[in-house]
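> just to be clear, the model below is a prediction. Sequence and coordinates:
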Amino acid sequence: MSGKIKAIIWFVVAVVVCVGAYLYFKAQPAKDDKANMKMNRDTPVQVGSVSSQDVAVQLSALGTVVADKTVTVTSRITGHLQQVYFQEGQYVKQGQLLAQIDVKPYQATLEQYQGTLSESQAQLKNAQLTLARYQRLYEKDSIAKQDLDTQMATTTQYQGAVKSAEGQIKTAALNIQYGRITAPISGYIGLRKIDVGNAVSADSTSIAVITQMQPMAVTFNIPQANISNIIQPLRDGGALPVDAFDQSGTQQIAQGQVKVISNEIDSTTGTVMLKAMFDNKNNALFPNQFVNIKLKVNTLKDALVVPSAAVQVGTSGKYVFVIDEQSTAHKVTVTTGPETGNNQVVVLTGLKAGQNVVTSGSSSLGNGSKVKIVTPEKVDVSVLDAAKQHEHNKRPR
């Protein structure tokens, strides 16, 4: 190939490159203009309204479920476990027969005491007859006073023997009765601790444990700063409503009342313990279960509430964007109170009922920005992305 042809080819390539570069750089301002056109539009936002309602002031705490009554079933006599009449985990009623202890030794002892009683009664009867005869003879001055006194003492001795035998019989009868072990309370019985045939010691061998499930108690602690809100109603014999939620804190599982407050503050934690009672009709509460507690201590009348998403946090504190009738956003500093539990929060200062506040899109706003109120399904995602990028570009680097 000649040098002239090579020069022509290089010239054509250079021209194509120059034309391409020119067209590329010429197109860039057009893209910027398109972005600027998007940014010159009103910023799309979603809004919520400021409403007025009564709001319950609640304290939140972590509570532990405890059985109101728990009884360890034991035998009151010593003997061999003869029979068990319950199934593990079943519900038992107060007085229901649970187990039987072998009482044959106690029956034999009862018969022995009954024989002793009969003997003592016969001796007492004979002593009483002799005493009556001695009294008649003494009146006729036929016996000495000493003989009469001796017979009176003998009669008293046999009277004591009869009472002793009667007491022994009652004890033996009670032991036989104690061989029938019944449920002291109603509730759910746990695992059997001993099998049939084993020896059972009086008041020391555990057979099973019964837990009363209805009602059920929950203990929890609150800060000592909140004692003033609850102490007076409880000391006056009243009660405070309380709700129990599951471990996630989202599902309510029981409603009850707080009626008991501890008589001292825990100096290590600065808290005081409260005890709430729940009827637990649906058996949602289980011993040693952890639950989230919400205790109602007060009610704010006609409080102003806004969606929680409307409240933003800046260097100067909390604020919201309020939209006026000209669709202009105004940054307003607010003071918030307690949350209502349904994604709303109480606003104590800064707002009025009926105002519209921005709940979505506030990151692209400034004080005095023009906005366009849209519903969630009408939001132009591309415009919001462009607005966010523009806001990012304006930040100092």
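Received, thanks.

> drop to CA atoms for contacts and neighbour counts, all remaining ones
Will do.

> tell me what the helix or strand hosting Q112 is packed against?
Secondary structure from DSSP states H and E places Q112 in helix 104-139. Judged by 3 or more C-alpha pairs under 8 Å, 6 or more residues apart in numbering; DSSP states H and E, the packing partners of helix 104-139 are helix 145-178.

> what is the helix it packs on packed up against?
helix 104-139.

> tell me the backbone dihedrals of L351, please.
phi -130, psi 170 (degrees, to the nearest 10).

> if I look at it, how far off is V272?
36 Å (C-alpha to C-alpha, to the nearest Å).

> cool, and G337?
On the measure of C-alpha to C-alpha, G337 and V272 end up 24 Å apart.

> these two: which is more packed in?
More crowded of G337 and V272, by other C-alpha atoms under 10 Å: V272, with 20 against 15.

> what's near enough to touch the more buried one?
N221, I222, P223, Q224, I227, I261, S262, E264, I265, D266 (C-alpha atoms under 8 Å, 6 or more residues apart in numbering).

> which among the residues you listed gets closest to A127?
S262 (64.3 Å; C-alpha to C-alpha).

> grab the nearest non-local neighbour of that closest one.
Leaving aside its chain neighbours, S262 sits nearest to M273 (5.4 Å; criterion: C-alpha to C-alpha, 6 or more residues apart in numbering).

> now swap in A99 and tell me
Nearest non-adjacent residue to A99 (C-alpha to C-alpha, 6+ apart): V84, at 4.3 Å.

> count the neighbours of that neighbour for me.
The number of residues near V84, taken as other C-alpha under 10 Å, comes to 17.

> over to I222?
19.

> ok so, going back, OK, contacts around the residue nearest to S262?
T219, F220, N221, I222, I261, S262, I265.

> can I get the residues you listed in JSON lines with distance to L240 and secondary structure?
As requested, these are exported to JSON lines (distance: C-alpha to C-alpha, whole Å; DSSP: H, G, I helix; E, B strand; the rest coil):
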{"residue": "T219", "distance to L240": "14", "secondary structure": "strand"}
{"residue": "F220", "distance to L240": "14", "secondary structure": "strand"}
{"residue": "N221", "distance to L240": "15", "secondary structure": "strand"}
{"residue": "I222", "distance to L240": "14", "secondary structure": "strand"}
{"residue": "I261", "distance to L240": "11", "secondary structure": "strand"}
{"residue": "S262", "distance to L240": "15", "secondary structure": "coil"}
{"residue": "I265", "distance to L240": "19", "secondary structure": "coil"}
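
> please tabulate the residues you listed in a markdown table, including the columns pLDDT and distance to P376.
Below are these laid out as a markdown table (pLDDT from 0 to 100; distance: C-alpha to C-alpha, whole Å):
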| residue | pLDDT | distance to P376 |
| --- | --- | --- |
| T219 | 94 | 44 |
| F220 | 94 | 42 |
| N221 | 93 | 42 |
| I222 | 90 | 40 |
| I261 | 88 | 48 |
| S262 | 88 | 50 |
| I265 | 91 | 50 |
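
> mark which of these are buried, thanks.
Buried by 16 or more other C-alpha atoms under 10 Å: T219, F220, N221, I222, I261, I265, out of the contacts of M273.

> following the host helix or strand of A14, which helix or strand comes up?
Per DSSP H and E, A14 falls inside helix 3-39. Later in the chain than helix 3-39, the nearest helix or strand by DSSP H and E is strand 43-49.

> can you give me the buried ones in the helix holding Q112?
106, 109-110, 113-114, 116-117, 119-121, 123-124, 127-128, 130-131, 134-135.

> stretch 344-356 now?
Q344, V345, V346, V347, L351, Q355, N356.

> export those residues to a markdown table and tack on secondary structure, distance to T74 and pLDDT?
Formatted as a markdown table, the buried residues of stretch 344-356 follow (DSSP: H, G, I helix; E, B strand; the rest coil; distance: C-alpha to C-alpha, whole Å; pLDDT from 0 to 100):
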| residue | secondary structure | distance to T74 | pLDDT |
| --- | --- | --- | --- |
| Q344 | strand | 54 | 86 |
| V345 | strand | 55 | 88 |
| V346 | strand | 56 | 88 |
| V347 | strand | 59 | 90 |
| L351 | coil | 66 | 89 |
| Q355 | coil | 69 | 89 |
| N356 | strand | 68 | 89 |
